[in-house]
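> sharing a sequence plus its predicted fold:
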Amino acid sequence: VQLQASGGGLVQAGGSLRLSCAGSGLSFITYYMAWFRQAPGEEREFVAAINRSGGTAYYADSVKGRLTISRDNAKNLVYLQMNSLKPEDTAVYYCAASGFFSKWYGGYDYWGQGTLVTVSS
């Protein structure tokens with residue numbers, strides 16, 4: 001199983017980025033997919049998750065209205081559209097797969113390698 005995250009980079013506050021995560025070696029459609037992030041010196045925190053069909057999404061309060069998770073099951077891809085970015089969004093972003101929904105990072109079976117997002121003020 002491999003999850004490959006991409007799309008991170010340096011952006012100014014108020015800007016946008018779109019992260020992508022490609023899954024292989026797993027039955028993608030049977031997994032909830034999620035994004036977590038980890039800032040330096042901080043614990044890994046839940047950002048967003050999406051159910052198997054893509055019809056229901058879950059968000060951390062800190063990102064509601066600014067970040068949008070989506071998935072394309074035909075291409076085994078999950079996305080995180082990030083708008084109105086703030087310096088406090090700076091972190092390494094990880095995609096993850098689980099058989100059920102959880103906001104706890106320990107509930108996830110597979111993880112991508114992470115992609116760094118840096119938001120300058």
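Looks like it arrived, so ask away.

> all strands for the protein, in order.
Secondary structure of the chain, counting by DSSP state E: strands at 2-6, 9-12, 17-24, 32-38, 45-50, 57-59, 67-72, 77-82, 91-98, 110-111, 115-120.

> which neighbouring elements make contact with the first one?
With contacts defined as 3 or more CB pairs under 8 Å, 6 or more residues apart in numbering; DSSP states H and E, the secondary structure elements packing on strand 2-6 are strand 17-24, strand 91-98. C-beta: built from backbone N, CA, C; applies to glycine.

> on that earlier part again, identify whichever of the strands of the chain lies nearest to residue 104.
Nearest to residue 104 among those is strand 45-50 (7.5 Å), distances taken as CB to CB.

> in contact with the most centrally placed residue in the chain, which residues are there?
Centroid-nearest residue in the chain: residue 35, 2.4 Å away (criterion: CA atoms, centre = their mean). Residue 35 is in contact with 19, 21, 47, 48, 49, 69, 78, 80, 93, 94, 95, 96, counting by CB atoms under 8 Å, 6 or more residues apart in numbering.

> quick one: the fourth one and residue 37 touch, right?
No: in terms of CB atoms under 8 Å, residue 48 does not count as a neighbour of residue 37; the distance is 9.8 Å.

> distance to residue 5 and pLDDT added to the contacts of residue 35, as CSV?
Converted to CSV, the contacts of residue 35 look like this (distance: CB to CB, whole Å; pLDDT from 0 to 100):
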residue, distance to residue 5, pLDDT
19, 6, 98
21, 5, 98
47, 12, 98
48, 13, 98
49, 15, 98
69, 13, 98
78, 9, 98
80, 9, 98
93, 7, 98
94, 7, 98
95, 5, 98
96, 10, 98
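
> what is the nearest of those residues to residue 116?
residue 93 (7.7 Å).

> the closest residue to that closest one other than its chain neighbours: neighbour count?
Spatial nearest neighbour of residue 93, excluding adjacent residues (CB to CB, 6 or more residues apart in numbering): residue 37 at 4.9 Å. Residue 37 has 22 neighbours, counted by other CB atoms under 10 Å.
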